[in-house]
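Enquirer: need a 3D model of the sequence below.
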Amino acid sequence: MSVHSRQEEQTPPHCNSLSGFFIPQSRMRIALIQDYLRVGGTETQTVALANAFRRVGHEPVLVTIRPAGPLAPDLAPGIPHLALQLFDLHIDWLAPGLTRTLRRAAPDIILLMGRLANCYGWRLATGLPRTPIVATVRTGKTLPAWYRRTLRTARAVVANSRAAAHAAIAAGASADGVHVIHNAAVRTAPPTRSREAVRAALGSRPDTIVFLCVAMMRPGKGHADLVQAFAQAGPPENCELWLAGDGTERQRIEAVVREKRLAASVRLLGRRNDIPDLYAAADVAVLASTVESLPNFLVEAQWHGLPVIARDAGGVAEAIRPGTTGHLIDREDPAAFAAAIRILAADPELRRRMGAAARDFARSAFTPDRQHQRYLELFRRLTES
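Expert: Numbers count the residues shown, from 1 in each chain. So this is what the prediction gives:
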């Protein structure tokens, strides 16, 4: 298995490594396939990759099943965005004319992003046999049959963690064709407001210790467990838990907050466009997901200097330095999560030390230019082979 990772000593056996940067010799036309540009980790990475490819002189083409989406405005000007549905049917899997659209686009390579795009990959391999298709595994969820079929037929598979790489191989991907490229940090811009201004706008005191989670409120993200751990921790009165994001689990989370009588200290902030500002205003990043591959949130939070507390799920252990940049918690030990909250709430020097280590680690391991160039080097190898 070819693995692109900064943690070579933990790489699975029979792995090679890509190193250095690729300087493109000629322009490539790169089609990125995604079902919909919703607010999510994979979708955020899709837009970031398309923008990065254009920035260094290539021709990205984004093909989505559904039109538009909340992240569509983040796509750089000049990048074609081709939607298969003429108007939004709100059906993620209905992809009329996918192969025909790609034939017209005539890409040099196709990158499949997200579960549904990967489910269609095996059909694209049949309809466009001369175009290299790169599948991806960026999820901790069970892979459907069509997804597994794509993994067996794709020219290469990119996994965003070693845990995801093992899942790809278990699903039938050739070990020699699996490459690990960790997520690049995306929201790296400095905050637009001061820590004090953000807190004042949200009604929090300057001395409040803020625990922050940024994640879609959907099954597997563990928000309810996080609220329960916060309650179990019994943190001081000057502690708050901020939950940024929205989704189908919101009502359940609100019910747990009411049940635990935490309305004064747990804030559901909804979907936000000022995430770097929240990082600047927070003290600790927390994530209780049970289903993950490699979370963008943990990468970004550490980039901005936050220590982390996170459940050990999927590739989470690859996203932090346990004991150095934060605490990695056994997924079956909620008491340990609560204890970690208490420890960081009570020790400002530990928060400062772990936050500084987190910033150094993230800015070394998840640099956008480096991670994006690894994709381009892989694409060049496939198009020239």
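Enquirer: give me the neighbour count for residue 26.
Expert: Burial measure for residue 26: 9 neighbouring residues, criterion other C-beta atoms under 10 Å. No exception for glycine: its C-beta is placed from N, CA and C like everyone else's.
Enquirer: surely it forms part of a strand?
Expert: No: applying DSSP: H, G, I helix; E, B strand; the rest coil, one finds residue 26 to be coil, outside a strand.
Enquirer: for it, give me the pLDDT.
Expert: On the pLDDT scale, residue 26 is placed at 89.
Enquirer: remind me which residues of the stretch 1-150 of the chain are low pLDDT?
Expert: 1-25 (pLDDT under 70).
Enquirer: any idea where the helices of it begin and end?
Expert: Ranges of helices in the stretch 1-150 of the chain, per DSSP state H, counting those that start in this stretch, are 41-55, 98-105, 115-119, 121-127, 145-153.
Enquirer: buried deepest among the ones you listed, which one?
Expert: Comparing the helices of the stretch 1-150 of the chain by mean neighbour count (mean count of other C-beta atoms under 10 Å), helix 115-119 comes out on top with a mean of 23.
Enquirer: of the helices of the stretch 1-150 of the chain, which is nearest residue 28?
Expert: helix 41-55 (7.9 Å; C-beta to C-beta).
Enquirer: what residues does that closest one touch?
Expert: With contact meaning C-beta atoms under 8 Å, 6 or more residues apart in numbering, helix 41-55 is reached by 28, 30, 32, 34, 36-37, 59-60, 62, 69, 71, 74-76, 78-79, 111, 113-114, 138-139, 160, 183-184, 186, 295-297, 368-369, 372, 375-376.
Enquirer: please pick the buried ones from the residues you listed.
Expert: 28, 30, 32, 34, 36-37, 59-60, 62, 69, 71, 75, 79, 111, 113-114, 138-139, 160, 183-184, 186, 295-297, 368, 372, 375-376 (16 or more other C-beta atoms under 10 Å).
Enquirer: how long is stretch 303-315 end to end?
Expert: Taking C-alpha to C-alpha, to the nearest Å as the measure, stretch 303-315 stretches 18 Å from start to finish.
Enquirer: list the buried residues of that stretch.
Expert: Here stretch 303-315 shows 303-315 as buried, counting by 16+ other C-beta under 10 Å.
Enquirer: next step: the residues you listed restricted to helices.
Expert: For the buried residues of stretch 303-315, the ones inside helices are residue 303, with DSSP state H as the criterion.
Enquirer: of all the buried residues of stretch 303-315, which comes closest to residue 334?
Expert: Using C-beta to C-beta, residue 311 comes nearest to residue 334 of these, at 9.3 Å.
Enquirer: and the gap between that closest one and residue 158?
Expert: Per C-beta to C-beta, to the nearest Å, residue 311 is found 24 Å from residue 158.
Enquirer: swap in residue 337?
Expert: As for residue 337, its distance to residue 158 is 31 Å (criterion: C-beta to C-beta).
Enquirer: and the strands in the protein?
Expert: For the chain, the strands defined by DSSP state E occupy 29-34, 59-64, 81-83, 109-112, 133-137, 156-159, 178-180, 209-214, 239-244, 266-270, 284-287, 308-311, 326-329.
Enquirer: Throw these into a markdown table and include distance to residue 227, thanks.
Expert: What follows is the strands of the chain, written out as a markdown table (distance: least, C-beta to C-beta, whole Å):
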| stretch | distance to residue 227 |
| --- | --- |
| strand 29-34 | 31 |
| strand 59-64 | 34 |
| strand 81-83 | 37 |
| strand 109-112 | 35 |
| strand 133-137 | 30 |
| strand 156-159 | 31 |
| strand 178-180 | 33 |
| strand 209-214 | 10 |
| strand 239-244 | 7 |
| strand 266-270 | 6 |
| strand 284-287 | 10 |
| strand 308-311 | 14 |
| strand 326-329 | 15 |
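Enquirer: and of these, who's closest to residue 362?
Expert: strand 308-311 (10.0 Å).
Enquirer: can you name every helix or strand that the closest one contacts?
Expert: Packing partners of strand 308-311 (3 or more C-beta pairs under 8 Å, 6 or more residues apart in numbering; DSSP states H and E): strand 284-287, helix 296-303, strand 326-329, helix 334-346.
Enquirer: change it to 10 Å
Expert: strand 209-214, helix 223-233, strand 284-287, helix 296-303, helix 316-319, strand 326-329, helix 334-346, helix 348-365 (3 or more C-beta pairs under 10 Å, 6 or more residues apart in numbering; DSSP states H and E).
Enquirer: average pLDDT across it?
Expert: Averaged over strand 308-311, pLDDT sits at 98.
Enquirer: can you give me the offset of that strand from its chain's centre?
Expert: If you compare the mean C-alpha spot of strand 308-311 with that of the full chain, they lie 15 Å apart, counting by C-alpha atoms, centre = their mean, to the nearest Å.
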